[in-house]
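1. whatever this is, show me its structure:
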Amino acid sequence: MTWVLYTILAVPLAAVLLTLCDGWRLARAATFVSGLVSLALAILIAIKVDHGRVLHGADGWLRVDSLGAVFLLATGLLYAMAGVFSIGYLGVEENRSGFPRFAKRYFALLNLFGWSMLLVPLASDFGTLWVAVELTTIVSALLVAIDRTDAALEASWKYLLIASSGLGVALLSIIVLYATGTHALGSAYVPRFERFLGHAHGLSPDAVRLAFVLSLVGFGTKVGFVPMHTWLPDAHSEAPAPVSALLSGSLLAGAFYAILRFFQVTVATGNRAFAEHALIVFGVISLVAASFFVLRQGNYKRLLAYSSVEHMGIIALGIGFGAPLAVAGALLHVITHASAKGLAFFGTGSLLRGYDTKEVDGVTNAGRAMPWTGPMFLAAGLALCGLPLSGVFRSEFQIVAGGFAQSQYVGVALLIVFVNVAFFGIVWHTGRMVLSPAAATGDTGGVDVPAARERSAWMVAGMLGCLIVVVALGVHLPGDLSALLANAGHRLAVPA
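-> Prediction:
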């Protein structure tokens, strides 16, 4: 089965090469096929490792287990749906001057971004993992700035400087871990996950704790933990909508995956309580701060950006609670959040094409004006708030139940309170946009202002794909996915 590891990395790279050929139509076709094939291969990998099997490739440089497969699924889903949505999102401007060159550049970077994010959960050692996360930073920064507006360029530079500074700290965490490993593994070795776990007894507990804290700060900058989150609202709000979806649902999760690898080593050296408490602290701070920011946002893309910070805090709390049910719920939340946030950001892209504004007050009566986008955008908002029968509700319910099982009453209480604070903010803003009556037509100065409408069936298809996953995971959890989550959770949770 090692061929599947090579294929899932080769397909996006082949798409990058095809997009550089003449014709943007070939670029969009290559992206469409690459995304769907990558999703199919991610599902195949998940099935193969759902009962504890580990796949290796490239002489041990590639490795995926059940934990990595969870994050691979989230990336595969959003990469596929972003490819579908992008065909319509860019096609609206097909007659714009210079469009073919812009479209080719966009699709080449989108496929390269997809490839770099697929590489993250396939890395077998801390060094390759760091390089993969850094690659996602570089490529995504180019995508944030692709429109070349002043705001986009500023957001891209801010993102690049802050994220790279954080990854410098993350590199230091790897150096510290490598240094303490020399006592057990020799003066020169490849810092692979399995070797650290197998020789945990020979590692210095103090050095491992230091490495874990540095990883929380370093990779946590990419996750969007407060207070290292300041790049995130600007980058998410200025990037094209499909890129925002990938940033929120996949890039943040990929950085969190890196933290979980440090978490495993920290737990193996007997520092479980320390690691869990650290995650709970960062999770609570991020959840509390983001929930208040959600209440006061006037830009609907920034609203969803702060919602991403909130949900990363929820995942951190789920892992920090430590109960098998809570940890499985946190890992499920990686997938449910990716699908719901993909739906939401795709909705913002469709609304932007229909209303030509990112301001909440500029969008009214979207439910009637855009009969597909409006209801699905509202459904995304409700799902992100944990509406029953959505996948987010299932994962959050598991986290809360697991927290009670571990007697984490304070953490659970804070989770419930501030999730509801964010609920009021998201429902209030999305409800006004979709359900409020159309604004009265004012003086337009003789300029013909087109009415909002659906602009492309491709955009609707991308949103529908995410909506199906959001609802399906809320109604029924497939047996293979349940086994995958249970096995991945077993690698992180307190033994039952």
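2. go ahead and measure how far stretch 372-384 is from the middle of the chain.
-> Relative to its chain's centre, stretch 372-384 lies at 18 Å (CA atoms, centre = their mean, to the nearest Å).
3. spit out the contact partners of I87.
-> If you count contacts by CB atoms under 8 Å, 6 or more residues apart in numbering, I87 has them with R28, T31, F32, S456, W458. For glycine as for every other residue, the C-beta is placed from the backbone atoms N, C-alpha and C.
4. return the member of those nearest to A188.
-> Nearest to A188 among these, counting by CB to CB, is T31 at 41.4 Å.
5. tell me how many other residues surround the closest one.
-> For T31, the neighbour count with other CB atoms under 10 Å is 28.
6. in the one helix or strand it maps to, what's buried?
-> For T31, the host element (DSSP states H and E) is helix 24-49. For helix 24-49, a neighbour-count test (16 or more other CB atoms under 10 Å) marks 24, 27-39, 41-43, 45-46, 48-49 as buried.
7. element containing D206, please.
-> Here D206, judged by DSSP H and E, is contained in helix 205-223.
8. now for that helix, which elements pack on it?
-> Packing partners of helix 205-223 (3 or more CB pairs under 8 Å, 6 or more residues apart in numbering; DSSP states H and E): helix 126-144, helix 150-185, helix 252-268, helix 272-295.
9. the ones you listed: which one's closest to F107?
-> Closest to F107 of the helices and strands packed on helix 205-223 is helix 126-144 (CB to CB; 10.7 Å).
10. the closest one to helix 205-223, inter-axis angle?
-> Calculated by axes from the mean of the first three to the mean of the last three CA atoms, to 10 degrees, helix 126-144 forms an angle of 20 degrees with helix 205-223.
11. surely N271 touches L210?
-> No - using CB atoms under 8 Å, N271 makes no contact with L210, being 10.6 Å away.
12. out of those two, which sits in the more crowded spot?
-> The residue with more neighbours, out of N271 and L210, is N271; 20 against 16, by other CB under 10 Å.
13. now the helix holding T31, how far from the centre of its chain.
-> Distance, centroid of helix 24-49 to centroid of chain: 17 Å (CA atoms, centre = their mean).
14. strands paired with the following helix or strand past that helix, and their directions?
-> With elements assigned by DSSP H and E, the helix or strand that comes after helix 24-49 is strand 55-57. Under the criterion DSSP bridges, strand 55-57 sits next to strand 62-64 (antiparallel) in its sheet.
15. hmm, who's touching the partner strand?
-> Applying CB under 8 Å, 6+ apart, the external contacts of strand 62-64 come out as 2, 5-6, 9, 45, 49, 54-57, 72, 121-124, 192-194.
16. and S97, how far is that from L352?
-> Distance from S97 to L352, counting by CB to CB, to the nearest Å: 20 Å.
17. who's more crowded, those two?
-> A count of neighbours by other CB under 10 Å puts L352 above the other of S97 and L352, at 20 against 7.
18. so who does that one touch?
-> So L352 contacts A241, K358 (CB under 8 Å, 6+ apart).
19. next secondary structure after the helix or strand hosting it?
-> Element membership for L352 (DSSP H and E) is helix 324-355. Beyond helix 324-355 on the C-terminal side, the first helix or strand identified by DSSP H and E is helix 366-369.
20. mind putting the helices and strands packed on helix 205-223 into JSON lines with mean pLDDT?
-> Listed next are those as JSON lines, based on pLDDT from 0 to 100:
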{"stretch": "helix 126-144", "mean pLDDT": "97"}
{"stretch": "helix 150-185", "mean pLDDT": "96"}
{"stretch": "helix 252-268", "mean pLDDT": "97"}
{"stretch": "helix 272-295", "mean pLDDT": "96"}
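21. from the contacts of I87, which two are the most distant?
-> Within the contacts of I87, two members stand farthest from each other by CB to CB: T31 and S456, at 15.1 Å.
22. on that earlier part again, against which helices or strands is the following helix or strand past the helix holding D206 packed?
-> Helices and strands here follow DSSP H and E; after helix 205-223, the next one along the chain is helix 232-238. With contacts defined as 3+ CB pairs under 8 Å, 6+ apart, helix 232-238 has these neighbours: helix 126-144, helix 150-185, helix 300-321.
23. from the chain's centre, how far out does helix 232-238 sit?
-> With CA atoms, centre = their mean as the basis, helix 232-238 stands 14 Å off its chain's centre.
24. make residue 1 into 57 and carry on from there
-> Yep, numbering from 57; the last one is helix 288-294 now.
25. ok, residues contacting it?
-> Helix 288-294 is contacted from outside by 196, 200-201, 203, 205, 207-208, 210-212, 214-215, 280, 300, 303-304, 349, 355, 357-358, 360-362, 364-365, 401, 414, using CB under 8 Å, 6+ apart.
26. only the buried subset of the residues you listed, as a PyMOL command please.
-> Applying 16+ other CB under 10 Å to the contacts of helix 288-294, the buried members can be selected in PyMOL as follows:
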select buried, resi 196+200+201+208+211+212+214+215+280+300+303+304+349+355+357+358+360+361+362+364+365+401+414
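27. single out the most deeply packed of the helices and strands packed on helix 288-294.
-> Neighbour counts (mean count of other CB atoms under 10 Å) averaged over each of the helices and strands packed on helix 288-294 peak at helix 356-377, with a mean of 28.
28. what's the angle between that helix and helix 261-279?
-> 160 degrees.
29. what about helix 356-377, distance to the chain center?
-> A distance of 10 Å separates the centroid of the chain from that of helix 356-377, by CA atoms, centre = their mean.
30. now for it, which elements pack on it?
-> Judged by 3+ CB pairs under 8 Å, 6+ apart, the packing partners of helix 356-377 are helix 288-294, helix 297-302, helix 308-324, helix 328-351, helix 380-411, helix 429-440, helix 447-461, helix 465-491.
31. relative to A256, which of those helices is closest?
-> Taking CB to CB, helix 308-324 is the member of the helices and strands packed on helix 356-377 nearest to A256, at 3.6 Å.
32. next, the angle helix 328-351 makes with the closest one.
-> Interaxial angle of helix 308-324 relative to helix 328-351 (the same axes, to 10 degrees): 160 degrees.
33. what residues are up against F275?
-> The contact partners of F275, by CB under 8 Å, 6+ apart, come to V189, G222, L223, A226, S229, A311, F312, A314, I315, F318.
34. mind checking how far the third one is from K278?
-> The span separating L223 from K278 equals 7 Å under the rule CB to CB.
35. looking at D504 now. What's its pLDDT?
-> D504 is assigned a predicted lDDT (pLDDT) of 40.
36. my bad, V269
-> Listed pLDDT for V269 reads 98.
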